[in-house]
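coordinates only, sequence not included:
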């Protein structure tokens, strides 16, 4: 097939995605968002080597993210939010390093640890993992390019900050179970505009390091 873009969003499609989707080898954009599709994300999407945009958001997909998604080295946008996807976030997603990448996996049922491989993605700009059941994060291994990080409404018990997040503009950790000193690691977040930490178990005094965040516009403790 010579089809390069397939967009069938905001309709009433039902059923599953057939494995034959892997035959659409010239696709650069696949958008099936906001339908009533179910079943699993077929591993054959990993055959779509030219794909730069994959959007299956706002459907009823279940199961895990196939590790083959990590083969899509041209991918810039991965949107799987608002489904019923579960299991761990595959470390293979950390291979998506060639472009300014946006990953949105929010509003699913992912568990376990945010893998350090996501923190090592050299060109990730936006990462939204909010509204899952994640309990730990290894993102502090650090991506200097990340501008937006949302891990709100999870079950994180702690959150190591990275001194390499010098470009980070928004950090949302609202509604977790983080139990640590408030001052730990804030000093390196020099570009931060939004710092949202409310509804956790941070302790200690409000740190003087917050004064060094000269671009800060919104602070929720």
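Arrived safely. Since the model is a prediction, treat every value here as computed from it, not as a measurement.

low-confidence ranges, the chain, go.
1, 141-143, 184 (pLDDT under 70).

can you pull out the helices in it?
Counting by DSSP state H, the segments of the chain that form helices are 116-119.

from residue 36, how far out is residue 59?
Computed as Cβ to Cβ, to the nearest Å, the residue 59 to residue 36 distance reads 7 Å. In short, each C-beta sits where N, CA and C put it, glycine included.

in terms of neighbours, single out the busier of the two.
Ranked by neighbour count (other Cβ atoms under 10 Å), residue 59 and residue 36 place residue 59 first, with 25 against 12.

so how far is residue 161 from the nearest residue to residue 166 once chain neighbours are set aside?
In space, residue 166 comes closest to residue 190 once its chain neighbours are excluded; the distance is 5.5 Å by Cβ to Cβ, 6 or more residues apart in numbering. The gap separating residue 190 from residue 161 is 12 Å, by Cβ to Cβ.

quick check: phi and psi on the residue nearest to residue 166?
phi -70, psi -20 (degrees, to the nearest 10).

what is the neighbour count of it?
There are 14 residues near residue 190, going by other Cβ under 10 Å.

need the contact list for it.
166, 212, 213, 214, 215 (Cβ atoms under 8 Å, 6 or more residues apart in numbering).

list just the nearest of the residues you listed to residue 16.
residue 166 (43.5 Å; Cβ to Cβ).

and the closest one, how many neighbours does it have?
Count around residue 166 with other Cβ under 10 Å applied: 15.

my guess is it meets residue 147, correct?
No: using Cβ atoms under 8 Å, residue 166 is not in contact with residue 147; the gap is 10.6 Å.

what is in contact with these two at once?
residue 191.

got the contact list for the closest residue to residue 200 other than its chain neighbours?
Leaving out its chain neighbours, the residue that sits closest to residue 200 by Cβ to Cβ, 6+ apart is residue 178, at 4.2 Å. Contact partners of residue 178, counting by Cβ under 8 Å, 6+ apart, are 156, 157, 158, 159, 197, 200, 201, 202.

go again using 6 Å as the cut-off
Residue 178 is in contact with 156, 158, 159, 200, counting by Cβ atoms under 6 Å, 6 or more residues apart in numbering.

equivalent analysis for residue 63, please.
residue 40.

does it have beta-bridge partners, and which?
For residue 63, the beta-bridge partners are residue 85 (DSSP bridges).

surely residue 14 meets residue 38?
No: counting by Cβ atoms under 6 Å, residue 38 is not a contact partner of residue 14; they are 7.5 Å apart.

neighbour count: these two, which is higher?
Taking neighbours as other Cβ under 10 Å, residue 14 and residue 38 compare with residue 38 leading, 15 against 11.

what about the nearest residue to the more buried one once chain neighbours are set aside, neighbour count?
Of all residues not flanking residue 38 in the chain, residue 60 sits nearest, at 4.2 Å (Cβ to Cβ, 6+ apart). Neighbourhood size, residue 60 [other Cβ under 10 Å]: 13.
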